[in-house]
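In: Sequence first, predicted coordinates after that:
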There are 2 protein chains.
Amino acid sequence: MTGAAISSDRAESGGFRSVAAETGQPEGEAFPVHGPADVAAACAAAEAAFDIYRATGREERAAFLERIADEIMGIGDGLIVAAMRESGLPRARLEGERGRTTGQLRLFANVVRAGAWLGLRIDPALPDRQPLPRPDIRLRMIPLGPVAVFGASNFPLAFSTAGGDTASALAAGCPVVVKGHPAHPETGALVAAAIARAVAASGLPEGVFSHLVGPGNDLGAALVQDPRIAAVGFTGSRGGGLALMKLAQARPVPIPVYAEMSSINPVLLLPEALKARGQALGQAFVGSLTMGAGQFCTNPGLILAIEGEGLDAFVAAATEGVGGADAQVMLTTGIHDAFEKGTAALASNGSVETLARGREGNGCTRGQAALFQTTASAFLADKALGHEVFGASSIIVRCRDEAELRTVLAGLEGQLTATLHMDAADEAIASRLLPLLERKVGRILANGWPTGVEVCHAMVHGGPFPATSDARTTSVGSLAIDRFLRPVSYQNLAQALLPAELGDAAAGDGVPRLVDGVLTTG
Amino acid sequence: MTGAAISSDRAESGGFRSVAAETGQPEGEAFPVHGPADVAAACAAAEAAFDIYRATGREERAAFLERIADEIMGIGDGLIVAAMRESGLPRARLEGERGRTTGQLRLFANVVRAGAWLGLRIDPALPDRQPLPRPDIRLRMIPLGPVAVFGASNFPLAFSTAGGDTASALAAGCPVVVKGHPAHPETGALVAAAIARAVAASGLPEGVFSHLVGPGNDLGAALVQDPRIAAVGFTGSRGGGLALMKLAQARPVPIPVYAEMSSINPVLLLPEALKARGQALGQAFVGSLTMGAGQFCTNPGLILAIEGEGLDAFVAAATEGVGGADAQVMLTTGIHDAFEKGTAALASNGSVETLARGREGNGCTRGQAALFQTTASAFLADKALGHEVFGASSIIVRCRDEAELRTVLAGLEGQLTATLHMDAADEAIASRLLPLLERKVGRILANGWPTGVEVCHAMVHGGPFPATSDARTTSVGSLAIDRFLRPVSYQNLAQALLPAELGDAAAGDGVPRLVDGVLTTG
């Protein structure tokens, strides 16, 4: 059923069924459960493919990425229909997500062509230098090796089989072994087959891409522990990410884990903006909170503001909006259960006021949006109030003054984003808060909402622990390619032995090079 | 006694004495033993200094680094004399090392000025894009936070108090807390005082730099566990590095550890080169092996070659050279003891032939160079033969043919360097081996010796585990600054709130920027 080395007859017996998000019932076809032998076969194939794949030229590799995008579009509407059934997400959202998925493959194709990721540096020999001559030293980035990618439940396309981790790892020259998310095996299988067609059409070895599926955690653990895996990309829960980090560190050869885990994405309503448009902000907030049943890593789960009339207007509008929000199908029954548990814990907390719950829905997996309110002192006293509740749940923390707002911010864990709603007259307070926000998050935005992550060059979808396991990187945008590269330097190698892009003949090819410390753009 | 927040009256009672390397006896002055309260004070001062220090302009920060270099030179000959006594290294080497230390501070000053490390990226807004407008998104790198640096025993200047880790962390905008190596407390104190003078002269907060000393491991453990420390730089033993990695991962908030640990630096004598100049290679090898009593991370501890006349000539010359090598004072009695133990284990191994030991010396810390020989099959059968023996010890592994040489290489752990001695006629075999070497090491060099690490832009002093804890980086050269940075993006922020270098007014300032995916050099 999968891209490369895995044939279903090697899979363990039994199999598992695709579940419809709306009903929570197995409705789709049965898929094989891959086991240790499949992991070993996929990793062996990836290892065998690595030297061939990493030797591909930039144009060849870029065309391969574009071919994957074409093949995904070539699946046609069946992909959208499968993803709708398995995720419960609406058509428009999934069509948009498919566009994002193919768009980021094409973005990485252009990144590969441009070649800046090679990080070329040349320090020419200085034969007459005193007291010692300097040898000729040249540096380039090379790919780390086969990468394990874990598909995410909440983006069955853009953060899954052919998602950002896969695209950036392939762009870097790393073969990929995907552990597909069990919530969307059919969607995953369709995309994996599209990638396999692109691999074949590009004349690449099958092991460049493999796709493994199964319902439990053992499969992923075996994959991370396989000695041929050189790095891990993961988007999911904090518990899952921490478990992978632990496994990766305990290996005889530890490997990097890029886990995007947990974030409540504080939104700061600054005083003048709140005064000018508290009601409008409250209405807009509900749109961001409830979009996609709130199942975004960047969902605004925490609102921070200073007491005042504007805040009352915000709260009134947000309460009304959440109260009128329709229940929405969540991704899985497990996610729905966790959402129910998380909102129930907040509702029963004596320091927390339940402002609104959304409308009730039919069926076992529909989540009702939830809005809570508490004081800064209560929030500071109870760490549990700052834990992520995955879904459309948010808590408003009312602060007495700027100092208290600052104390709340300082106590927060690392986050993916922080948002400022502000007017020009708020610039003074904003500039006082910015240094603190920079230390807490990967992206700071003004007068927008954190949901909706642009796939571009300047995007950081990352942030200090526990937002991610590694704040030095991003999992969205072109900078994500750097996660899968490492530098090698070549000293006094003959031109014939140097990698082509480091040879003298390559000068002027348009790839940036740092030559004796001076950046040239070709 | 130290840079910033540590006064000796806060240090624990007792103190420890500086030991002369040659005699192994405490001859120098007594130094306080810093304890947990000193760690806390240093980290609090570093944290308090961080936002001020990271806000320094590029010119201001560059001038500060240059001032440190000036202050180190200003210490005068007393620094060399202290380092000679404490390390046992000769004057010429230490004068050279001082030049390297100040040279890399000046290199980083110029790196800071050039600003490429800021990684600026600007994706301008696309208000008319369909179906959704694109916001304005801008990215820069910011420093991680206070960095703990562990001084190395074998470079009392260039890898210690003001060494490469300190220089690159300060360049990135991170305050530094050094845990000085107890083998050279006086050298460390002199340099720390020089840095403190530079801090004061530059009008920076004292907490930008602190220096802690003590003889045990508790001090370093407390430092790595302090919640204010954001990253760790370490050069030393594998055991030490692994212990720090474990502590860093077990923190509530894990942090990156850049540990440079263990490498035996394979040197491959390719057939034609060996045939043409086996004897000359053998002589030159002994020079690299015995330099500085072999106490380099890049010491050539493993020679790989295919059987033949050339190899016999190499072995004969190397045996003669090692046999005539004078015993040299090693850095500490502990290092000398470990060297004796390591060479004794090789000598008593039934599969290993002792080719030569250097001359005996007087005194308890003089190491006698050692040269061993074994077969590829014996080497493959006994992992212990591939362990690093820190000091002037090397083992020649005789291979039957290229296939066996390849098998030995494939079985090696990660290394800092691999060296090819080759003639033009060896290019075919070299190009077959290069992909394998790239996966094993951080630097590949031809027709030289791995000792002598150039401090430049294209240098990689790093490599796959266990050569280092993180192959994605280097601890020598200007790329080392990247270890202490992480990206932050700013979405739709008003010009007044953007970091200066990301504002529209900064365009044309000579700092490279990726604007909408196109690299501009200012």
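Out: Received, thanks.
In: all contacts plus neighbour counts: C-alpha atoms, from now on.
Out: Noted.
In: any low-confidence regions in chain A?
Out: A:1-14, A:522 (pLDDT under 70).
In: hmm, try it at 50
Out: A:1-13 (pLDDT under 50).
In: how is it carved up into domains?
Out: Chain A breaks down into these domains under automatic domain parsing: A:8-16+A:30-261+A:472-484, A:266-446.
In: As TSV, the ones you listed with mean neighbour count would be great.
Out: As requested, these are exported to TSV (neighbours: other Cα atoms under 10 Å in any protein chain shown):
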stretch	mean neighbour count
domain A:8-16+A:30-261+A:472-484	22
domain A:266-446	21
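In: out of those domains, nearest to residue B:164?
Out: Closest approach to residue B:164 among the domains of chain A is made by domain A:8-16+A:30-261+A:472-484 (18.7 Å; Cα to Cα).
In: Establish whether that closest one and chain B are in contact.
Out: Yes - using Cα under 8 Å from any Cα of the partner chain, domain A:8-16+A:30-261+A:472-484 reaches chain B at A:51, A:121-123, A:134, A:137-139, A:253-254, A:472-474.
In: Please apply the same query to stretch A:390-408.
Out: No - Stretch A:390-408 lies apart from chain B when judged by Cα under 8 Å from any Cα; the minimum separation is 15.3 Å.
In: Any idea which residue of the stretch 251-400 of chain A lies closest to chain B?
Out: Of all residues in the stretch 251-400 of chain A, residue A:253 sits closest to chain B, at 6.2 Å by Cα to the nearest Cα.
In: where's that residue relative to residue A:50, distance?
Out: 18 Å (Cα to Cα, to the nearest Å).
In: quick one: the helices in chain A?
Out: With DSSP state H, the ranges of helices along chain A come out as A:36-54, A:58-75, A:77-87, A:91-114, A:164-172, A:185-201, A:218-225, A:238-250, A:271-290, A:309-323, A:333-347, A:376-381, A:402-411, A:427-440.
In: for those helices, which one sits closest to residue B:443?
Out: Closest to residue B:443 of these, according to Cα to Cα: helix A:36-54, at 18.2 Å.
In: can you state the direction angle for the closest one and helix A:218-225?
Out: Between helix A:36-54 and helix A:218-225, the angle comes out at 40 degrees (axes from the mean of the first three to the mean of the last three Cα atoms, to 10 degrees).
In: tell me the angle helix A:36-54 makes with helix A:58-75.
Out: Angle, helix A:36-54 to helix A:58-75, by the same axes, to 10 degrees: 130 degrees.
In: quick one: contacts of helix A:36-54?
Out: Applying Cα atoms under 8 Å, 6 or more residues apart in numbering or on different chains, the external contacts of helix A:36-54 come out as A:4-6, A:10-11, A:143, A:145-146, A:172-177, A:204-210, A:212, A:219, A:222-223, A:226, A:228-229, B:435.
In: Same check on stretch A:400-408?
Out: A:304, A:305, A:306, A:307, A:376, A:379, A:380, A:399, A:433.
In: one more time with 6 Å
Out: Contact with stretch A:400-408 is made by A:306, A:307, A:399, as judged by Cα atoms under 6 Å, 6 or more residues apart in numbering or on different chains.
In: For the last one, which residues are in contact?
Out: Contact criterion Cα under 6 Å, 6+ apart gives A:305, A:306, A:307, A:376, A:405 as the residues in contact with residue A:399.
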